[in-house]
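> quick one, structure for this:
(one chain, ligands or ions: 1)
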Amino acid sequence: MTYRYITTPIYYVNDRPHMGHAYASVHADIMARYLRAAGHQAMLLTGADEHGEKIAKAATQANEAPRAFADRHAETFKDAWRRLSVEPDRFVRTTAPAHAKVVSECLSRLFEAGEIYLADYEGLYSVGQERFVTDKELVDGKLPEDKEPPVLRREPNYFFRMEVHRAWMRQLLLDTPDLIQPVQYRNEVLKLLEEPIGDLSISRPVNRLEWGIPIPWDPEHVTYVWFDALLSYVSPLGYPDQPAFSNYWPGVRHVIGKDILRTHTLFWLSMTHALGIAPYRRLYVSGHLLGSDGRKMSKSLGNGVDPLEAADTYGVDALRYTLIREVSFGFDGIVSNAVIEQRRNRDLADDLGNLAARTLSMVKRYRDGLVPAPKRYDTREETIIARASELPHVVLALVEEMKLGRAAEQVMDLVKQLNGYVASSTPWALAKDPDASDRLDTVLYTLLEALYSVSNLLHPVMPGKMHELRILLGGSVEPCWDLPWGHGVKPGSTVKEGILFPKRTGEDDA
Ligand code: ME8
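Next comes the predicted model:
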């Protein structure tokens, strides 16, 4: 048994999740489900990033104490994941006492080891954005989103010695070409590491921000939100001394968006190196879902599409399927309602749903709804059997590279092949010919058994609908990975008729 640990970003809980958040969580969930299906002991982590200025400000605006505000929104996220069939094994909250303890201990250790020092930070501070800004960001002396120009501010901050880890990080990336995927993001980071990266400010004065984990040796400061958040990948495993940490950490894979690439490389790799934690095994970096305005979908721009509304309208499984099929991992793209409807109608209703409905209705009509026993296979069946038998390996290899859309596409190609097989085998003509009874048995059995394989291969993507499909097929309801041909549906058992994906048009809303 091998352990795998898959993490989503730990989301800021200052609003409800939009489609971009669902994109990351659904990818991580599907990967975890595939790995579990294939026999790995896989743990999925997600959670809530609750400290920092962003949350403190949102709480003030909502006229709530930060704790109550974070409690409420953490529940909103948990509920959203439930409704999107994202099933984390752990949900970490950065306000949990066990997490805060790990952060304090890590800070103390690094301070004692001389990896953290106090210095004055001087820079241009944007009151509007509540952060230091660089000259490069300014247009006509101010940030485009601010009304007022930034002010020169000087304040004491604790710094983590990040620069000393730069050479090591660069070597790590050179020695581990698949550490960051897709490769364009690895190249981006290698470029960043060619120049000095400086040290990292990891505290904020308490008189400016109280909502954070106190610096253990200096009550005048709280910990910077990213230093706190990144450690939430290890704290739920009982770092440093619990067995879950030693079991799961070596197989860790982080799923993130490209907006947080820098923090997950420069910050997180140097932090883990300084703490003596092995670097992560993989960093899968997604592109951005864009709003209908062509800009990154985001809470602040208000161009977010609600994934829960889309799941209610089109079905959660159609949404999950569309998310992995429509935008290749690593690239930017758009997942609009029109796109979900099209994927649902074409791929799921026309190709997969129709194949299932036709097959089941022919079994009902020609064989009283009983699974026939196959007789002699010819080359047409042998091609299908060979493809169905190799697909679990093909799919898993793609899943390991987070190419989930390509994996699903391979299975949907089998579905297309099966639709072609129905057309060329003409079961309706065989049914009229008393001498073709054996042949009809073989064709119908092959279709049922291949559909059973499809239900297993797509179960991680569409758990609800593939469960329904197995019920219709009358085989074992539990999914089973890599089942040898001939062990899915049982001759003599009863199938049911049903429509998996009723076709939807925009007019249904009228
Ligand atoms: O950054 N397209 O949290 P966050 C695709 N708390 N993915 C998107 C997206 C979009 N338009 N918008 C957001 C944080 N995401 C930190 C993380 S981790 C230790 C701390 C996804 O709530 C994407 O995966 O801003 C991105 O990285 C993540 O949401 C950021 O979520």
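
> next, count neighbours for residue 435.
Using other CB atoms under 10 Å, residue 435 has 7 neighbouring residues. Heads up, the C-betas are built off the backbone N, CA and C, glycines and all.

> does stretch 303-318 come close to the ligand?
No: Stretch 303-318 is not in contact with the ligand by CB under 6 Å from any ligand atom; minimum separation 7.8 Å.

> just say helix, strand or coil for residue 399.
The three-state label given to residue 399 by DSSP: H, G, I helix; E, B strand; the rest coil is helix.

> tell me the pLDDT at residue 151?
Residue 151 carries a pLDDT value of 88.

> burial count for it?
10.

> before we move on, what about the one 3 residues further on?
Applying other CB under 10 Å, we find 9 other residues in the vicinity of residue 154.

> which ones are touching residue 105?
Contact analysis of residue 105 by CB atoms under 8 Å, 6 or more residues apart in numbering lists nothing.

> look at it and report its pLDDT.
Looking at residue 105, the pLDDT reads 98.

> interface residues of the stretch 1-150 of the chain facing the ligand?
Residues of the stretch 1-150 of the chain lying near the ligand (CB under 6 Å from any ligand atom): 9-12, 20-21, 23-24, 49.

> in TSV, list these along with neighbour count.
Conversion of these to TSV gives the following (neighbours: other CB atoms under 10 Å):
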residue	neighbour count
9	24
10	24
11	21
12	21
20	23
21	26
23	26
24	23
49	25
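
> what's the closest non-adjacent residue to the residue of the stretch 201-350 of the chain found nearest the ligand?
Residue of the stretch 201-350 of the chain nearest the ligand, by CB to the nearest ligand atom: residue 257 (2.6 Å). Using CB to CB, 6 or more residues apart in numbering and skipping the chain neighbours, the partner closest in space to residue 257 is residue 286 (5.1 Å).

> could you chop the protein up by domain?
Domains of the chain are assigned by automatic domain parsing as 3-286, 337-509.

> so which of those domains is nearest residue 312?
When the domains of the chain are compared by CB to CB, domain 3-286 sits nearest residue 312, at 8.4 Å.

> for the closest residue to the ligand within the stretch 401-510 of the chain, what are phi and psi?
Residue nearest to the ligand within the stretch 401-510 of the chain (CB to the nearest ligand atom): residue 402, separated by 12.4 Å. Here is the backbone geometry of residue 402 (degrees, to the nearest 10): phi 60, psi 30.

> which residues does residue 440 contact?
Contacts of residue 440 by CB under 8 Å, 6+ apart are 366, 372, 427, 430-431.

> and with 7 Å instead?
Contact partners of residue 440, counting by CB atoms under 7 Å, 6 or more residues apart in numbering, are 366, 427, 430-431.

> in the stretch 351-500 of the chain, which spans are helices?
354-367, 379-400, 404-425, 427-430, 437-457, 463-473 (DSSP state H, counting those that start in this stretch).

> deepest-packed of those, please.
helix 437-457 (a mean of 23; mean count of other CB atoms under 10 Å).

> and that one, how far out from the chain middle?
33 Å (CA atoms, centre = their mean, to the nearest Å).

> quick one, that helix and helix 379-400 angle?
0 degrees (axes from the mean of the first three to the mean of the last three CA atoms, to 10 degrees).

> residues near the residue of the stretch 201-350 of the chain closest to the ligand, how many?
By other CB under 10 Å, neighbour count at residue 257 equals 18.

> what's the answer for the one 3 residues further on, then?
Burial of residue 260, expressed as a neighbour count using other CB under 10 Å, amounts to 17.

> ok but it is inside a strand, no?
No: judged by three-state DSSP, residue 260 forms no part of a strand; its state is helix.
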